[in-house]
Every structure is written in C-alpha cells, then in structure tokens.
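# Sequence plus predicted model, see below.
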Amino acid sequence: MSEDQIAHEPAQVAAGVGSLGVVLVVDESRLVGELLKASLAAQSKLQIISASTLQQARELISLHEDRLLVAVVGRVLRDAPNGEVVDYVCNANIPAIVLTASWDLELRTATVSQRNVVDYVLKNSPDCIEQVATLITRIERNQSIGVVVVDAEKQSRSPTVHWLQALRLKVYEAESGEQALAMLSKNPEIKLVVTDFNTRSMDGVQLATQIRRKFRRQDIAIVGIADQADRMVSARFIKAGANDFMHRPFLEEEFACRVIQNIDLIETLQALRDAAIRDPLTGLHNRRYLFDAGEAMLASAQRGQVALTLAVIDLDFFKRINDTMGHDAGDEALRQAAKLLRSAFRKTDIVARIGGEEFCVLAVNMAPEAAAKVFETVRSNLADLVIRVDDYKFQITASFGVISRFEGAMAEAIKQADELLYQAKERGRNCVVLQKDAETK
C-alpha cells in the first residue's frame with residue numbers, strides 16, 4: 001500500500017485545506033438558520049445558506065457542492081416527512097447534523113447509523129443552537145488536522161476511516177506500526193493516532209510506546225482499540241502512553257465524541273503554550289520566548305554550530321499614529337508590520353515582538369554580506385506598505401540595528417543592536433545601520 005493510497009481527503013477539500021466555507025441549513029423554521037448565523041458570526045466566517053424544502057436543498061447543493069462543509073438538516077419537512085432530506089444529503093457525501101423534535105432509541109439508531117451523519121441534536125434543547133454551532137466550528141477546524149488509522153485489516157479500518165472523514169479530518173491509513181511512524185515524521189498536521197491492537201510488525205501497545213518516545217501527549221493523542229475479549233489491553237495501552245481507549249464493537253456516536261474531545265484537548269494545550277510564548281496582538285513570539293530560545297541558539301553559535309544575525313527594529317513615530325488616528329490604527333499597523341516581518345524570514349529564524357512598537361529578528365546562518373540586502377529589502381517593503389483602518393489610509397517606516405558578531409547573553413546582544421538602532425534614529429530614521437557600518441564611522 002503506497003502513501004498515495006493512504007492519505008484521504010474529501011473530494012471537496014482537494015483545492016486546499018480550509019476551502020469548504022458554506023453551511024447548508026435545511027429546516028422549515030427560518031429562525032434556525034438566523035440563530036445559527038448569529039451564533040457563528042463571532043467565531044467563524046462561514047457562509048450560511050438556507051432551505052425549507054427538499055427541493056430547495058437539492059438546488060442549493062447543486063450550486064454549492066464544491067464548497068459545502070456540512071449540512072444542518074431538519075429530519076421532517078413538508079415535502080420530506082420521513083427523513084428523505086437526510087438520505088439525500090448523506091448520499092451526496094455531505095456530513096449531516098440532524099435536527100429532530102423527538103428522541104427514542106429506534107430513531108437514534110436509524111439516524112446515527114446512516115453514512116455521513118455526524119450527530120443528531122434535539123430541537124427542543126435550550127442550548128441546541130450553541131451545540132450545533134460548536135460542532136460546526138470543530139468540523140471547520142478539522143480540515144487542517146491529520147489522523148492516522150492503524151489496523152492490519154482494511155475491512156476493519158474502512159468504517160473508522162469513513163467516520164473520521166465525515167468529521168472533515170485528513171485521514172491516513174496504515175497497516176503497520178512502522179508505516180504509521182513514518183507518516184508521523186512526514187506530516188506535522190497529524191494530531192491523532194487511532195490504532196487497533198492488531199497491527200503488523202508490532203502491536204498497538206508497542207506502537208504507542210514508540211510514539212511516546214518521540215511525541216508528547218500534548219502534541220499527539222493516541223486512541224487504542226481492541227476487541228471486547230481483551231480486557232487487559234486497555235490498561236496496557238494507557239500505561240504505554242495512550243490518551244484514550246475503546247473496546248470494539250463501539251457506538252459510532254461515542255467514537256466521534258472521543259475523537260473530538262481528544263483533538264479539543266490537544267488544541268487547548270497548544271493554546272496555553274502559545275499564550276505563554278506568543279504576543280496576543282501580532283501572533284509573533286514574545287520577549288520571553290526570544291530569551292529562552294535565543295540563549296540556546298547563542299550556546300550553539302558559541303560552539304561554532306551555527307552563525308547568528310540579530311536585528312532590533314523599531315517603528316518610527318509610532319506614537320503619532322495612536323495620537324492622531326487612534327489605538328485601532330496603531331494595533332493594525334503592528335499586525336501588518338508583524339505579518340510582513342514573519343513572511344520575510346525562515347521558520348528556523350525567530351521573529352518576536354519585544355516591546356510596544358519594537359521587534360527583534362534572530363536569523364540563523366545568514367551570511368554577514370547578505371544581511372545588508374535582506375534587511376534593506378524588509379525596510380523598503382515596510383515603507384511601501386499601505387495600511388487602511390476605517391477612513392484612514394497611512395504608511396509606516398522603521399529603523400533597524402543589525403549585528404552579526406556578538407558574545408555573551410541575549411540581553412547583551414540586544415543592547416548592542418539597540419545602540420545601532422539609536423544611530424539609525426539619529427540618521428533620520430527609516431534606515432538600516434549594520435555593525436560593520438557603525439565600526440567604520
């Protein structure tokens with residue numbers, strides 16, 4: 001089985017991750033669509049389209065099929081009194097959240113067992129709209145998340161793969177532990193491994209042990225699966241580092257809930273880590289991260305393993321922006337400057353916001369003779385940037401202090417670059433002062 005055959009995305013996602021941006025609401029009550037639109041407005045840019053009959057739903061699906069993320073479907077309509085609209089949506093390979101006015105075991109079984117039904121929600125529940133909106137938001141985010149399903153037998157893998165695809169996750173299939181480990185190494189978007197106990201070359205418990213040697217619980221979640229008869233396997237999975245475990249046969253509904261909860265937990269932990277090391281306004285790394293990671297990079301540089309270039313960048317006359325156009329304009333200027341800086345450097349470089357309007361770049365293995373050209377290009381691009389906020393349109397400039405030779409701790413290196421930055425300000429701002437230029441003055 002080649003890797004080309006084991007990476008699965010819904011056909012509609014082929015154009016790119018996150019390209020599905022339309023939610024279809026099919027219900028006789030127009031209020032459902034309006035409430036859902038209001039609930040999603042604050043957290044998503046999804047487009048809500050509505051139909052009140054099966055015929056209207058067919059027309060909208062025909063028009064928007066390449067962009068439909070999910071459908072929210074009332075089970076009973078005037079022209080579809082027996083759930084025909086659910087059948088139609090599911091057969092069109094669109095994930096469906098089914099709205100129903102009543103609940104019983106037979107109805108639940110009939111609904112959830114349908115291919116592509118993600119969940120069902122009681123209409124008379126006081127928080128039903130919020131529940132549906134939360135699930136839609138989760139499905140939207142899932143488009144950028146990878147999952148590996150590990151099982152030696154394709155027949156037992158296939159239902160699991162389909163349930164995960166209905167949640168709009170990017171699904172990889174693996175027959176063996178080695179294949180799964182290779183996928184984890186090549187695909188950083190993978191956040192979840194669903195592994196059966198029976199896999200080729202190593203069992204699921206051994207695979208969990210191997211995964212935990214490379215990836216922490218907060219980076220990749222593992223869900224173990226085994227037959228009901230293997231009662232001791234659950235403890236072995238958990239001890240080996242699995243986050244969760246399920247006995248087969250299990251309910252599709254429970255499986256979906258477990259998957260969502262584990263992905264939610266991974267994202268929550270990532271958000272907490274980001275809150276500690278990133279600037280909330282610009283998304284760049286913060287001063288704390290720069291000093292922590294920078295010290296390690298400096299140690300490598302002192303051992304001759306890497307060469308470092310450090311730049312301190314300050315936006316010119318930034319106070320005037322806040323004073324004349326308001327803090328919203330100032331915040332947008334910072335965001336736009338940060339976006340430009342981040343795009344100008346490699347992932348191995350650190351770009352951080354270290355003060356109000358002050359940024360720092362710590363670049364790895366940038367040739368000293370290239371630094372002048374690189375930072376001059378960045379300076380020029382910043383000066384050309386046109387920022388629009390409400391009725392205002394304005395431009396910004398920045399001054400740069402750049403050093404390529406330094407010793408000691410990060411604080412001392414930043415101090416040296418700061419001294420060159422002050423020279424740039426004295427020279428009239430909107431310029432780059434490099435260490436070699438300052439030394440020749």
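That came through fine.
# that's a helix at residue 216, yeah?
No - under DSSP: H, G, I helix; E, B strand; the rest coil, residue 216 falls outside any helix and is assigned coil.
# any idea how far it lies from residue 414?
Distance of residue 216 to residue 414, computed by CB to CB, to the nearest Å: 31 Å. Backbone N, C-alpha and C define where each C-beta goes, glycine included.
# neighbour count winner among the two?
residue 414 (24 against 10; other CB atoms under 10 Å).
# any idea how far the more buried one lies from residue 313?
The spacing between residue 414 and residue 313, counted by CB to CB, is 12 Å.
# go on, residue 402?
Residue 402 sits 9 Å away from residue 313, going by CB to CB.
# now stretch 344-356: mean pLDDT?
What stretch 344-356 shows for mean pLDDT is 95.
# Likewise for stretch 104-116?
80.
# Could you do stretch 284-302 as well?
On average, stretch 284-302 scores 93.
# chain center to that stretch: distance?
24 Å (CA atoms, centre = their mean, to the nearest Å).
# ditto for stretch 91-107
With CA atoms, centre = their mean, you get 28 Å for stretch 91-107.
# what's the answer for stretch 118-130, then?
Distance, centroid of stretch 118-130 to centroid of chain: 26 Å (CA atoms, centre = their mean).
# Start and end of that stretch, how far apart?
Using CA to CA, to the nearest Å, the end-to-end distance of stretch 118-130 comes to 16 Å.
# Report the buried residues of that stretch.
Of the residues in stretch 118-130, 118, 119, 120, 121, 128, 129 count as buried by neighbour count, 16 or more other CB atoms under 10 Å.
# so what are the domain limits for this structure?
Split into domains by automatic domain parsing, the chain comes to 20-140, 143-275, 287-440.
# Could you list which of the buried residues of stretch 118-130 belong to strands?
If you go by DSSP state E, those have 118, 119, 120, 121 in strands.
# Go ahead and confirm the last one touches residue 96.
What it means is residue 121. No - between residue 121 and residue 96 there is no contact, the gap being 11.1 Å when judged by CB atoms under 8 Å.
# element containing residue 260?
Per DSSP states H and E: residue 260 is located in helix 252-277.
# Which of the ones in strands among the buried residues of stretch 118-130 sits closest to residue 294?
Checking those against residue 294 with CB to CB, the nearest one is residue 118 at 44.8 Å.
# Next, the contact list for that closest one, please.
70, 95, 96, 97, 135, 139, 166, 167, 256 (CB atoms under 8 Å, 6 or more residues apart in numbering).
# The domains of the chain: which one's closest to residue 281?
Proximity to residue 281, assessed across the domains of the chain by CB to CB, is greatest for domain 287-440 (6.0 Å).
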